[in-house]
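Trainee: okay, structure incoming, though there's no sequence with it:
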């Protein structure tokens, strides 16, 4: 089985994967995000911007599809967030390509 389907030169964009850490400041719970993995991503051209009416006005949802190399010892879940080009994204879906633990395709949505 050939799992190395992608050219490593296609992984041009630096991304960070962050995990939420709960702390207490002055007795109040505070969520801090900590970078647990830095990697490079390949992006796809079918990114979307959708507009929906919420409350008092229109909001745009920016949805992107990226591909990252995943270390075999790392289990990626929807609880993490992605930093891509300095912007925060939540993970909408993820797919381990061929269930091989090498590449993970992510659909991410911009968090305002």
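Mentor: All right, it came through fine. Bear in mind the structure is a predicted one, so any value in this text is a computation, not a measurement.

Trainee: in the protein, which spans are helices?
Mentor: Counting by DSSP state H, the chain has no helices at all.

Trainee: at which residues are the strands of it located?
Mentor: Taking DSSP state E, the strands of the chain run over residues 13-25, 28-43, 48-54, 57-69, 81-84, 87-96, 103-110.

Trainee: what's the neighbour count on residue 67?
Mentor: Counted with other C-beta atoms under 10 Å, residues neighbouring residue 67 total 20. Yep, even glycine has a C-beta here, placed from its N, CA and C like the rest.

Trainee: give me the pLDDT for it.
Mentor: The score at residue 67 is 93. That number is its pLDDT.

Trainee: follow-up on the earlier one: which of the strands of the chain comes out lowest on mean pLDDT?
Mentor: For the strands of the chain, mean pLDDT drops lowest on strand 48-54, to a mean of 61.

Trainee: which parts of stretch 30-40 are buried?
Mentor: Using 16 or more other C-beta atoms under 10 Å as the test for burial, stretch 30-40 gives residue 39.

Trainee: list the contacts of that stretch.
Mentor: Stretch 30-40 is contacted by residues 11-24, 68-71, 74, 80-81, 83 when judged by C-beta atoms under 8 Å, 6 or more residues apart in numbering.
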